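J.: sequence and predicted model, in that order:
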Amino acid sequence: MTENKKQKSEETSTNLFDFLSEELIFSILDFLDETPLDRKSFSLVCTSFYSLEAKHRKTLRPFRHHYLRKLLTRFRNVRRVDLTLCPIVTDPSLADISNACGDKLRAVDLSRSRCFSGAGLRCLAVNCRNLVEVDLSNATEIRDSAIAALAAEAKSLEKLSLARCKAITDLGVGCVAVGCRKLRLISLRWCLGVGDFGVGLIAVKCRELRSLDISYLPITDECLPSISKLQHLEDLVLEGCFGIDDSSLEVLRHGCKSLKRLDMSSCQNISPVGLSSLSCGAGDHLQELTLSFVSPVTLALADSLTKLPGLQSIKLDGCPVTCDGLKAIGNWCTSLRQLSLSKCPGVTDEGLSSVVSKHKDLRKLDITCCHKLTYVSIDHVTNSCTALTSLRMESCTLVPREAFVLIGERCHLLEELDLTDNEIDDEGLKSISRCSKLSILKLGICLNITDQGVAQVGFCCSKLVELDLYRCKNITDSGISAIARGCLDLEMINIAYCKDVTDSSLISLSQCLRLNTLESRGCPLITSLGLTAIAVRCKQLTKLDIKKCCNIDDSGMTPLAYFSQNLRQINLSYSAVTEAGLLTLASIGCLQSLTLLHLDGLTPNGLATALLTCEGLTKVKLQESFKSSLPQPLLKHLEARGCRIRPTMLEAKVRGHHVARLRTNLVAQLLELLRASFQWL
């Protein structure tokens, strides 16, 4: 008996996972990369799992920079550091990263960080010789010297984003051109200090460029000859370059033979003549063309595009459209895969029908706000384009209820469907529920649908990830419960202003363990009981809007603080939450955004204490009157910590009206002076 007991104890003490190789365990961890909580649970199983998970981790995304040193000590094999959740990143922090990661580091994202300088960037580049990707977008304080310090050492850099670095000039970009010869992608979007000289240098020196974004730069024809000589350029973005005209495209026609994607949105000096010249040379391999807000879609424009044999996607958002223009597009020999006509005035049944009847391989169609379309268009679209995966038709208000039945009957491959502000009813929803691959469904302001139609979607569309029911006044707990039972992978749901929804809906939705975004503003019947159910079970919750949920009070904040440790954004406006509840929320380490309008139980002292306690905050929205009651030293401290307090939209509008009134007064004074001058003459 004693020997048997010993054998059993030895068998139970043996860890079967010890027989698995590291490679096999790493393969298991690869499946957990998308869910941080699963990785954490895995690492807490035993000491060996703890060390193996640390060894496997390749990406690090800390909530605050002062945790970096401790994290880097544990995770030794990090290849990518994402600092977008850290508003303040100092030079010592970048030094810690460079010392810990060394040559293993390949990518750093600083697109939402500030307080670092050229010294920190240089340290990063010196110690991390294999660094290939750096994102410095929105670094408005960064100047040429900092960019020069990075470029001098980062010889292996392949991707660099300087979008909205408005203090950068041609000098800094020139240093990048000289130092980073291996660049394949660079974004200079909204770098207003960069002109033809800087862009030209990049094109001349960085011959391996595949992607170039120079949107909203004050460039002219001068830099285009250099760009046209880039033999590997595939993606060129010229959005908002008002200095580009037809003669500019004439320059490009002789080069850019490899160009696949061209974006000329808002280039208002481009005409069909320029596009025609482009298609004679550089357009041979062009697959995607964006001409939003550029030129009317006339017969001339359509004819100029017929010479683009490989064109698969065209976006004409905001362009006035003629029937002849659409008919000409329909007569192209090529077969379009994507067509976007969002907010295009002039789109009619005749024009759209002529396009879709010829381009039967369409996968994505956007006819948002095409207010003249009727049943005829939907009939032609669904009959011809049965392989559609995305259909966006928000605010097509003349399309009758019966037309939506055709979508479900004919387009079974749909994955995304936007029917916001349309006349669809339950019969239409029942038909659409046949689209079993549907993952995104937007039904905001669809006033004719009820629980019956929504329930059918829940029963049949098990792959649904995002559902928008904003202001669907006839939806109650019954419909939401059916969605929760059938769509367990739901990640986002908007039930704002569904006033008959109660706690029962939130209790049902708590079954959706992947839920990360819940928008339930204006639901007065929801209480802290329903919110508690969400907090306890939906551990991945990151965004919560309970504005105007007047029955949610402090008792709902305690479970949020305890269970919802991934919560980053919350709107508490017009709720019954007091400063006690707010102080409870302050314990959530990754909370970044707070909106606190018209909270009767909030005092300046309580607010100040909560703001000081919640160290990860980056944005707080308050009434200006409440902001003015906070002491200035506190506001300066919060600003230094990376937190910005913003006024409400209403107050911003008031300020805008005030500025407009000042301008009006100034104009009036100038007119009076002119009149006086003429009288004197």
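T.: Nice, thanks for sending it over. Numbers count the residues shown, from 1 in each chain.
J.: start and end of stretch 419-433, how far apart?
T.: Taking C-alpha to C-alpha, to the nearest Å as the measure, stretch 419-433 stretches 14 Å from start to finish.
J.: what's the mean pLDDT across that stretch?
T.: In this model, stretch 419-433 has an average pLDDT of 97.
J.: got it, and stretch 329-340?
T.: 85.
J.: next one: it to chain centre, how far?
T.: Distance, stretch centre to chain centre, for stretch 329-340: 28 Å (C-alpha atoms, centre = their mean, to the nearest Å).
J.: what's that stretch in contact with?
T.: Residues from elsewhere that reach stretch 329-340, judged by C-beta atoms under 8 Å, 6 or more residues apart in numbering: 288, 292, 297, 302, 305-306, 308-317, 354-366. Heads up, the C-betas are built off the backbone N, CA and C, glycines and all.
J.: give me that answer again for 7 Å
T.: Residues outside stretch 329-340 that contact it (C-beta atoms under 7 Å, 6 or more residues apart in numbering): 302, 306, 309, 311-317, 354-355, 357-359, 361-366.
J.: those in helices, which ones?
T.: With helices taken from DSSP state H, the overlap with those comprises 302, 354-355.
J.: quick revisit: could you flag which of the contacts of stretch 329-340 are buried?
T.: Buried members of the contacts of stretch 329-340, scored by 16 or more other C-beta atoms under 10 Å, are 302, 306, 311-317, 354-355, 358-359, 362-366.
J.: helices of the stretch 551-681 of the chain, start to end?
T.: For the stretch 551-681 of the chain, applying DSSP state H, counting those that start in this stretch gives helices covering 557-563, 579-585, 604-613, 624-628, 632-640, 649-680.
J.: least confident of these, on average?
T.: Mean pLDDT per stretch puts helix 649-680 lowest among the helices of the stretch 551-681 of the chain, at a mean of 42.
J.: just give the nearest non-adjacent residue to residue 502, would you?
T.: The spatially closest residue to residue 502, leaving aside those adjacent along the chain, is residue 525, at 4.4 Å (C-beta to C-beta, 6 or more residues apart in numbering).
J.: hang on, that neighbour packs against residue 505?
T.: No - counting by C-beta atoms under 7 Å, residue 525 stays clear of residue 505, with 9.2 Å between them.
J.: comparing these two, which residue is more hemmed in?
T.: Shown here are residue 525 and residue 505; by other C-beta atoms under 10 Å, residue 505 has more neighbours (28 against 18).
J.: contacts only, for that one.
T.: Applying C-beta under 7 Å, 6+ apart to residue 505 gives the contacts 477, 480-481, 495.
J.: for the residues you listed, give me JSON lines that also has pLDDT, distance to residue 464 and secondary structure.
T.: Below are the contacts of residue 505 laid out as JSON lines (pLDDT from 0 to 100; distance: C-beta to C-beta, whole Å; DSSP: H, G, I helix; E, B strand; the rest coil):
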{"residue": "477", "pLDDT": "98", "distance to residue 464": "18", "secondary structure": "helix"}
{"residue": "480", "pLDDT": "98", "distance to residue 464": "13", "secondary structure": "helix"}
{"residue": "481", "pLDDT": "97", "distance to residue 464": "14", "secondary structure": "helix"}
{"residue": "495", "pLDDT": "98", "distance to residue 464": "14", "secondary structure": "coil"}
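J.: report the two of these separated the most.
T.: Greatest spatial distance among these (C-beta to C-beta): 481 and 495, at 12.0 Å.
J.: who's in contact with residue 635?
T.: Going by C-beta under 7 Å, 6+ apart, residue 635 touches residue 645.
J.: ok, it to residue 58 distance?
T.: Per C-beta to C-beta, to the nearest Å, residue 635 is found 39 Å from residue 58.
J.: among the buried ones among the contacts of stretch 329-340, which ones are in strands?
T.: 313-315, 364-366 (DSSP state E).
J.: so which of these is the closest to residue 28?
T.: Nearest to residue 28 among those: residue 364, at 35.8 Å, using C-beta to C-beta.
J.: mind listing what the closest one touches?
T.: Counting by C-beta under 7 Å, 6+ apart, residue 364 makes contact with 338, 389-390.
J.: so which of the residues you listed is surrounded by the most neighbours?
T.: residue 389 (20 neighbours).
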